[in-house]
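A.B. asks: Give me a 3D structure for the following:
(one chain, ligands or ions: 2)
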Amino acid sequence: MTPPANDEANGVDNTISTLNDSKEYKHYDYSMVDPRNYDDITKVVQSIIAQVGEDKAKSDIGLILGSGMGNIADLLEDKIVVPYEKILGFPSTSVQGHAGNLIFGTIHGKRVVCQAGRFHPYEHKMDLALCAMPIRVMDQLGVRTLIVTNAAGGVNKSFHYGDLMLIKDQIFLPGLAGFSPLVGEHDKRYGGPRFVSMHECFDKDLRVLTKDIANRMSMRLMEGVYVMSGGPQYETPAEVRLYHAVGADALGMSTCHEVVVAKQCLMKVVGFSLITNIANHDVDNANNVNHLEVIDAANKQGGKGVDLISALVKELPPPMPKQETAKLWGY
Ligand SMILES: O=P(O)(O)O[C@@H]1C[C@H](O)[C@@H](CO)O1
Ligand SMILES: Nc1nc2[nH]cnc2c(=O)[nH]1
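C.D. replies: Ligands and ions are numbered 1, 2, ... in the order given. So this is what the prediction gives:
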């Protein structure tokens, strides 16, 4: 059968999309690394340390880059780039606007590991544990603060194209439907309990600090609730109205599963959504969105995030040891 023609507007190269040979549809091999298993993650970490050395690999801050937001990686100094192909058990990333590298370096002298190329559940058969594996790796590398970023559609009617939204809470739709990265055996060594509380999953003190910095920079920073759908289809206007009705301000297809695992690993999380398009509430309005526009908008507007994240990293309080966070959170 002849594969369909390339569809550049949606960031898809269909020449590799025949059913059996597409990388995208290959099953992840759990016999190599089980992405939830603590001992397996230790092996992944060792494969990284073998390449970059223990000193360089140890990090306090994790940074996950959203679609088209690769320029945030330019903040890192003394970089060492490790392609995913060289990391034991890492899958590949197939979404345009996402490189496939872990980058180690410093920002304002602080040790940062940056995931340049996230794993979206729709790329990996809704395997949420697999898509959140880099968080468990970061945990064992010492990360105590996680900064997540994404490209998102604006649902809040006061949002404009190019706005940056500080995430104050999340609606994890796949999680509500049973697709949680925590499904399976629980290992206490990650720090948090199996029934992890998701209250204040975006750290309140860090939100206050971020808003204060944005104020000082005279920067427009919105704040709101991010909702994650499974994707990869974009929303119908009726779905947009549904999300609006339940209190969502921005919508996307990532992030929430990462935040759940980070919370179980006792990390403090800060999140940003770059509003790359305004979601359409009106069925009689033909206004549509495609992934290339999302990336283009992120490339054009992402600079705001770069400056704010740089200033935030500079002012982050010293990392809190896990035991202290556990005590603070009542575990
Ligand atoms: O990695 P993010 O969440 O920024 O990627 C966005 C959301 C979807 O995966 C995709 C849709 O355009 O881009
Ligand atoms: N689900 C979803 N994800 C996005 N990522 C960027 N824009 C959008 C959007 O409008 N909807």
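
A.B. asks: ok, residue 226 - contacts?
C.D. replies: Counting by CB atoms under 8 Å, 6 or more residues apart in numbering, residue 226 touches 150, 152, 165, 167, 169-171, 248-252, 255-256, 271, 273. Where C-beta positions appear, they are placed from N, C-alpha and C, glycine not excepted.

A.B. asks: In a strand, it, correct?
C.D. replies: Yes. Under DSSP: H, G, I helix; E, B strand; the rest coil, residue 226 sits within a strand.

A.B. asks: picking that back up, quick one: which of the contacts of residue 226 is most hemmed in?
C.D. replies: Of all those, the highest neighbour tally under other CB atoms under 10 Å goes to residue 152, namely 32 neighbours.

A.B. asks: Check which helix or strand that one maps to.
C.D. replies: Assigned by DSSP states H and E, residue 152 belongs to strand 145-154.

A.B. asks: I'd like the average pLDDT over that strand.
C.D. replies: For strand 145-154, mean pLDDT is 97.

A.B. asks: Start at 87, not 1
C.D. replies: Noted, 87 is the first residue going forward, which turns the last one into strand 231-240.

A.B. asks: Check which strands are paired with it and give the direction for each one.
C.D. replies: If you go by DSSP bridges, strand 231-240 pairs up with strand 147-150 (parallel), strand 336-338 (antiparallel), strand 354-364 (parallel).

A.B. asks: got TSV for the ones you listed, with mean pLDDT and distance to residue 172 too?
C.D. replies: TSV is the format used below for the strands paired with strand 231-240 (pLDDT from 0 to 100; distance: least, CB to CB, whole Å):
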stretch	mean pLDDT	distance to residue 172
strand 147-150	98	19
strand 336-338	98	29
strand 354-364	97	27
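
A.B. asks: Out of those strands, the one nearest ligand 1 is which?
C.D. replies: strand 336-338 (4.4 Å; CB to the nearest ligand atom).

A.B. asks: List the contacts of the closest one.
C.D. replies: Contacts to strand 336-338, defined as CB under 8 Å, 6+ apart, come from residues 236-242, 245, 251, 253, 310-315, 321, 326, 329, 359, 361, 365.

A.B. asks: Which ones among those residues also lie next to ligand 2?
C.D. replies: Restricting those to those near ligand 2 by CB under 6 Å from any ligand atom leaves 237, 238, 239, 315, 321, 365.

A.B. asks: Please state the backbone phi and psi of the last one?
C.D. replies: For residue 365, the backbone dihedrals are phi -70, psi 140 (criterion: degrees, to the nearest 10).
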